[in-house]
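*Asks:* Let me see the structure of the following:
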Amino acid sequence: TKFCMDMFLKMLSLLVFILIGYLAKRLGIVREQAISTLSIIILDFTLPCTIIRNFNGVFPDPHVFTLLLLGFLPNFLCLGLGWLTGGRDRDSRGFSMINISGYNIGMFAMAFIQSFFPPSIFILVCLCDVGNAIMTMGGNYAVAARACRAPGMNAKKMAGIVLRCIGFHCYIILLILSLLHITLPDWFITAISPAAMVNPFLCMFMVGLGLRFTMSKSSLRIVSRTLLVRYLSHAILCCAVLFLPLDRKMIAALILFLLSPVSGLCPIYTMRLVPHMLEDSAINICVSILISIGLFIALIPALLHYAL
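*Replies:* Predicted coordinates for the structure are as follows:
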């Protein structure tokens, strides 16, 4: 009973953080433009601290590194689905390819996983996110731009985008330390812990700032099609994952990964490829986040029971 109550209070607290962010925007306390600043703070400071704090001292078996590959594959599947369902119009096809693909792990899923699951599952999701990060931080855009014949994108530019991400460097360094069975000193982990602990609040507060509840008919049509393809295909993927010859914790981590909302970087790359569809991309993210919140709240108890 105490466990159920603690879990309920944690879920409620995350929803309250979202509500605080939304009310702060509506009351004019914080402007929506603060999202760009918050995203920098999260991606460059609190999220790396969270990754380091949870990854340090964990030495996963070598076979779990297959999750690195499994972080790549769903992105390629989404790109293909975006190409097939985006229609004949080049802009619409590019929008679909970018906004169906990618997973918002760092600024969404990790807040839930950090709050409810043990570090062992957190690490497994992080391993998925290493492969995902390469795609969401430039890979998906590069494929979509090439498929839609957009100029200016090449392998060198894509690599530069990925290598500028601090979280990606943290993943690589910690993976190397893990393989070498090296741990960071306790004083360092203690020093970064306050920043790591504030990460869930900042992530959910930023979600609240970005929430919108109005959209035009054309936006509704585009977003509905994009999200229908995304979540229908991923429902099938989650069912398929259950039959993979993997450890239960790995399966739970994969399901959490697949149920995450679309990447928060989608509007940035939408603006570069099809700038007139930027608002549709922002709405797509908001609705995707709401759907994933519902899915996480509904499935977290079952996944905890399944994995632990």
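*Asks:* Tell me the spacing between F55 and Q114.
*Replies:* Separation of F55 from Q114 (CB to CB, to the nearest Å): 12 Å. To be clear about C-beta, it is placed using only N, CA and C from the backbone, and glycine gets the same treatment.
*Asks:* Repeat that for L254.
*Replies:* Between L254 and Q114 the distance is 18 Å, computed by CB to CB.
*Asks:* Compare neighbour counts for the two and give me the winner.
*Replies:* Neighbour totals were compared for L254 and Q114, and L254 leads with 24 against 20 (other CB atoms under 10 Å).
*Asks:* what about the more buried one, which helix or strand?
*Replies:* Following DSSP states H and E, one finds L254 within helix 248-258.
*Asks:* Go through that helix and flag the buried ones.
*Replies:* Across helix 248-258, burial judged by 16 or more other CB atoms under 10 Å covers K249, M250, I251, A252, A253, L254, I255, L256, F257, L258.
*Asks:* Going by distance to L228, which of those wins?
*Replies:* The closest of those to L228 turns out to be L258 (CB to CB; 15.8 Å).
*Asks:* show me what contacts the closest residue to that closest one other than its chain neighbours?
*Replies:* Excluding the flanking residues, the one nearest L258 by CB to CB, 6 or more residues apart in numbering is H234, at 5.0 Å. With contact set as CB atoms under 8 Å, 6 or more residues apart in numbering, H234 has these partners: P74, L258, L259.
*Asks:* can you pull the contacts of the second one?
*Replies:* Contact criterion CB under 8 Å, 6+ apart gives P74, Y103, H234, L237, C238, V241 as the residues in contact with L258.
*Asks:* try 7 Å
*Replies:* L258 makes contact with P74, H234, L237, C238, according to CB atoms under 7 Å, 6 or more residues apart in numbering.
*Asks:* Distance of it relative to L81?
*Replies:* Distance from L258 to L81, by CB to CB: 14 Å.
*Asks:* Could you tell me which residues touch both of those two?
*Replies:* Common contact partners of L258 and L81 (CB under 7 Å, 6+ apart): none.
*Asks:* what ranges of the stretch 1-150 of the chain fall below the confidence cut-off?
*Replies:* When residues are selected by pLDDT under 70, those of the stretch 1-150 of the chain lie in 1-4, 7, 60, 63, 107, 149-150.
*Asks:* Now do the helices in it.
*Replies:* Applying DSSP state H, counting those that start in this stretch to the stretch 1-150 of the chain gives helices spanning 2-26, 34-41, 47-55, 66-85, 90-100, 110-116, 119-134, 140-147.
*Asks:* Distance check, the nearest residue to N132 once chain neighbours are set aside against C165.
*Replies:* Counting by CB to CB, 6+ apart, N132 lies nearest to G71, which is 4.2 Å off, once chain neighbours are set aside. Distance of G71 to C165, given as CB to CB: 14 Å.
*Asks:* Between these two, which has more neighbouring residues?
*Replies:* Using other CB under 10 Å as the criterion, G71 and C165 rank with G71 on top: 25 against 20.
*Asks:* which residues sit in contact with the more buried one?
*Replies:* C128, D129, V130, G131, N132.
*Asks:* Count the residues that sit near the first one.
*Replies:* By that I understand C128. The number of residues packed around C128, counting by other CB under 10 Å, is 26.
*Asks:* quick one: contacts for it?
*Replies:* Here C128 is in contact with L67, L70, G71, A253, L254, F257 (CB under 7 Å, 6+ apart).
*Asks:* and the gap between the fifth one and I113?
*Replies:* What that stands for is L254. Remark: distance between L254 and I113 (CB to CB) = 12 Å.
*Asks:* cool, the second one as well?
*Replies:* Distance from L70 to I113, counting by CB to CB: 16 Å.
*Asks:* okay, these two: which has more neighbours?
*Replies:* Shown here are L70 and I113; by other CB under 10 Å, I113 has more neighbours (28 against 20).
*Asks:* Was I right to think the more buried one contacts L256?
*Replies:* Yes. Here I113 reaches L256: they are 6.2 Å apart, a contact under CB atoms under 7 Å.
*Asks:* Number of residues surrounding the residue lying closest to L265 once chain neighbours are set aside?
*Replies:* Leaving aside its sequence neighbours, L265 sits nearest to T136 (CB to CB, 6+ apart; 5.6 Å). For T136, the neighbour count with other CB under 10 Å is 28.
*Asks:* Check the one 5 residues further on too.
*Replies:* A count of nearby residues for Y141, using other CB under 10 Å, gives 28.
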